[in-house]
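In: predicted structure and sequence below. I'll ask about it afterward.
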Amino acid sequence: MARLFGTGTRAGLPALALLAVLAGCSRQSAPAPRFMGTDVTGAPYGRDFHLTDYNGKARSLADFKGKAVVMFFGYTHCPDVCPTTLSDLAQAMKRLGKDAERVQVLFVTVDPERDTRDVLARYVPAFYPSFLGLYGSPRATAATAREFHVFYRKHYEAGSDDYSVDHSAASYVFDPSGRLRLLWNYGIGVDAMVHDVKLLLG
């Protein structure tokens, strides 16, 4: 590039014409958005789900078209990862201001035996009013987890009937057209969440 500008002409083209050509190339090769999360655009998973929200309404990804969607898998008895992630997402929504109306956060339980409609209705919107909790039968939960490559497994303490649930901690982020675009690892932080959502909203 420096050589072309240094000579002023190439193959008989005047310098101004060469500048116009180079400017056109620059416009065509504009850099892609720089996300803070992992860009998974075109991934062959996370295409849809069929679950029920805590109001008893059947839900799929199409219900939220026109909004950026952040989907997180967890359970209400989770001692650390789930409440931390939901708290960070709530802070991000507050920081987004008016744009928060164009974002839907979905919390999918991997413990449907304990996380009933009533439990989810109390727990999830306590973090932010528009957050929705989703649940399914054990079979539907397993199918959704497979579609999103989510791991979860009950873990019983020795000599106890009580259990915790080991589970994946990433969040899945969709653009307003319903395409899976990003994975946010646990602890990505509020600044990164706000930055990426603003890019997706354009």
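Out: Perfect, I can see it now.

In: bridging residues for the residue most central in space within the chain?
Out: By C-alpha atoms, centre = their mean, the chain has its centre lying nearest to Val173, at 1.8 Å. Beta bridges link Val173 to Val70, Leu182, judged by DSSP bridges.

In: pretty sure it contacts Gly37?
Out: Yes. With contact defined as C-beta atoms under 8 Å, Val173 reaches Gly37; the gap is 6.5 Å. For the C-beta atoms, the positions are set from N, CA and C on the backbone; glycine is no exception.

In: find residues that contact each of the two.
Out: 182-184, 196 (C-beta atoms under 8 Å, 6 or more residues apart in numbering).

In: ok, now which ones touch Asp191?
Out: Counting by C-beta under 8 Å, 6+ apart, Asp191 makes contact with Met36.

In: and it, its phi and psi?
Out: Main-chain torsions, Asp191, degrees, to the nearest 10: phi -60, psi -50.

In: from Arg117, how far out is it?
Out: Note on Asp191: its distance to Arg117, by C-beta to C-beta, to the nearest Å, is 34 Å.

In: name the residues linked to Asp53 by a beta bridge.
Out: Leu134.

In: quick one, what contacts Glu147?
Out: Taking C-beta under 8 Å, 6+ apart, we find Glu147 in contact with 45-49.

In: please indicate which of these are buried?
Out: By neighbour count, with 16 or more other C-beta atoms under 10 Å, these hold 46, 49 as buried.

In: redo the contacts of Glu147 as CSV? Include secondary structure and distance to Asp88.
Out: Below are the contacts of Glu147 laid out as CSV (DSSP: H, G, I helix; E, B strand; the rest coil; distance: C-beta to C-beta, whole Å):
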residue, secondary structure, distance to Asp88
Tyr45, coil, 24
Gly46, coil, 20
Arg47, coil, 26
Asp48, coil, 25
Phe49, coil, 22
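
In: tell me where the model's unsure across this protein.
Out: The chain contains residues with pLDDT under 70 at 1-31.

In: could I get the full set of strands for it?
Out: 38-39, 51-53, 58-59, 68-74, 103-109, 132-135, 152-156, 163-167, 171-174, 180-184 (DSSP state E).

In: done for today, thanks.
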